[in-house]
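Q: Here is my input, please return the structure:
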Amino acid sequence: MELKPREVITLLKGAPAAREQVGRVVPDRFTDLQRTGYPYGGAQYTRTYCHASVTLDFYTDATALSFSYGNLWNETNDTGPCSFDLLLDGVLTKRYHLPVDWTVQRAPDGQLRMALGAGEKRVTLHLTNFFHVELFDVVLEDATFARPYEHRGRFLAFGDSITEGFFSRTPSQTYVNRLSRLLDMEAVNYAIGGEKCRPGVVTPGTYPDCDFVIVAYGTNDFPHTAPERFKENLPAFHARLHEAFPDVPVFILLPLWRKIADKEKPLGTLRDVSAMIAASAKNYPNFRVVNCVGFLPHEAWTLLDGSLHPNDEGMALYAERLADVIRKELHI
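A: As a prediction, this is how the structure comes out:
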């Protein structure tokens, strides 16, 4: 069974802006209008073209999945792995690591074939987190059907590099993707590495329906944003966030512990930044403030780089503890 591009698009999750382009599927998470919130040509703008939390997720009786891939690039010096993760019935089965020429930040066009075994099963293929990629010539061998997986709901994620998934070894192990599996919710991930609390990262009126939203900014503001700019940006950001999601539960995730958390910066300590975010968020009745500082042990072994980004063990703890909070708050 060879799938037409429009059929492939129906099997995508986490890519509400996916489109067909000259016979290929471009699995976009951002629309062009949403991209206007990021300075053109900068690293944050380029990262909108990467595929954090985008999956093919479907039921089939195919014995193998094959597809060609092309236009696989990364122009922001994000040296995370270029890989696909295959899950069968929710179990990580195989990882496919693609070679990258880091002198040009690209991988050559190629093809993958993935054995799926006999019988009906759920196939979940996580696309590479840090690269742009386009799919074509998608074939389900020996298949009589392909049916999209239906999650119990959907959530949207906004945040910085931790929420985008830096630098989980493989795309399926980021905390957003783990949270998606724990709650059986489709994740649409609008996080962009390096971002801060600012109104431009939210574009009201452009998002798919969702059951709740998670928002995790502040750790980049802590060492890098001037106090007068933060005091201007923070309330404007929360006002715009409320404009976009006036009737949806919004979980404001206060920054995780990091190695320099207790150091005094122009904004104070990380605890001071968290207090400012919490105070601003309390102006909106549908915002739920979640203090995440105790979600991970305050030890470098939970951090991949020893200072900021959780490793896979840290991502697992983050997802599990956040899932507990959301279940309790939303009674799911």
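Q: any low-confidence regions in the protein?
A: Along the chain, the model assigns pLDDT under 70 to residues 79.
Q: Please enumerate the helices of it.
A: Secondary structure of the chain by DSSP state H: the helices cover 5-11, 32-35, 43-47, 161-164, 175-183, 221-224, 227-244, 270-281, 312-330.
Q: To residue 121, which of those lies closest?
A: Closest to residue 121 of the helices of the chain, according to Cβ to Cβ: helix 5-11, at 13.9 Å. C-beta coordinates here come from the backbone N, C-alpha and C atoms, glycine included.
Q: how about the closest one: buried residues?
A: 5, 7, 8, 9, 11 (16 or more other Cβ atoms under 10 Å).
Q: quick one: the first one and residue 298, what's the gap?
A: Okay, so that is residue 5. Applying Cβ to Cβ, to the nearest Å, the value for residue 5 to residue 298 is 48 Å.
Q: Show me how this structure divides into domains.
A: With domains defined by automatic domain parsing, the chain comprises 2-148, 153-330.
Q: can you pull the contacts of the nearest residue to residue 205 once chain neighbours are set aside?
A: Setting aside the residues directly before and after it, residue 205 is nearest to residue 244 in space (Cβ to Cβ, 6 or more residues apart in numbering), at 7.3 Å. Residues near residue 244 by Cβ atoms under 8 Å, 6 or more residues apart in numbering: 202, 203, 204, 205, 207.
Q: so how many other residues sit close to the third one?
A: It stands for residue 204. When neighbours are counted by other Cβ atoms under 10 Å, residue 204 registers 13.
Q: What of the fourth one?
A: Residues within reach of residue 205, counting by other Cβ under 10 Å, total 7.
Q: Ok, residue 214 next?
A: Burial of residue 214 is recorded as 25 neighbouring residues (other Cβ under 10 Å).
Q: from memory it sits against residue 154, does it?
A: No - Residue 214 is not in contact with residue 154 according to Cβ atoms under 8 Å; the separation is 11.9 Å.
Q: and stretch 82-97, which residues are buried?
A: Neighbour-count burial for stretch 82-97 [16+ other Cβ under 10 Å]: 82, 83, 84, 85, 86, 87, 88, 93, 95.
Q: for the most centrally placed residue in the chain, what are its contacts?
A: Nearest to the geometric centre of the chain sits residue 189, at 3.6 Å (Cα atoms, centre = their mean). Residue 189 sits next to 14, 29, 52, 53, 54, 156, 157, 163, 164, 165, 176 when contact means Cβ under 8 Å, 6+ apart.
Q: Could you dump these into TSV and include distance to residue 318 and neighbour count?
A: Output for those, formatted as TSV (distance: Cβ to Cβ, whole Å; neighbours: other Cβ atoms under 10 Å):
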residue	distance to residue 318	neighbour count
14	18	27
29	21	22
52	15	30
53	15	28
54	20	27
156	17	25
157	12	27
163	10	26
164	13	27
165	11	27
176	9	27
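Q: Restricted to strands, list those.
A: Within these, residues falling in strands by DSSP state E are 156, 157.
Q: Let me have the contacts of residue 189 in TSV, extended by distance to residue 325.
A: Shown next, in TSV, are these (distance: Cβ to Cβ, whole Å):
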residue	distance to residue 325
14	22
29	24
52	22
53	19
54	25
156	17
157	14
163	15
164	21
165	20
176	15
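Q: Identify the farthest-apart pair in the contacts of residue 189.
A: Counting by Cβ to Cβ, the most remote pair of the contacts of residue 189 is 156 and 165, 15.2 Å apart.
Q: got the contact list for the residue of the chain most remote from its centre?
A: Relative to the centre of the chain, and counting by Cα atoms, centre = their mean, the farthest-placed residue is residue 142 at 32.5 Å. Residue 142 makes contact with 61, 62, 63, 64, according to Cβ under 8 Å, 6+ apart.
Q: let's see it at 10 Å
A: 1, 60, 61, 62, 63, 64, 116, 118 (Cβ atoms under 10 Å, 6 or more residues apart in numbering).
Q: Go ahead and confirm the first one touches residue 58.
A: Pointing back at residue 1 there. No - contact criterion Cβ atoms under 10 Å: residue 1 and residue 58 do not qualify, at 11.7 Å.
Q: Look at these two and report which has more neighbours.
A: residue 58 (25 against 15).
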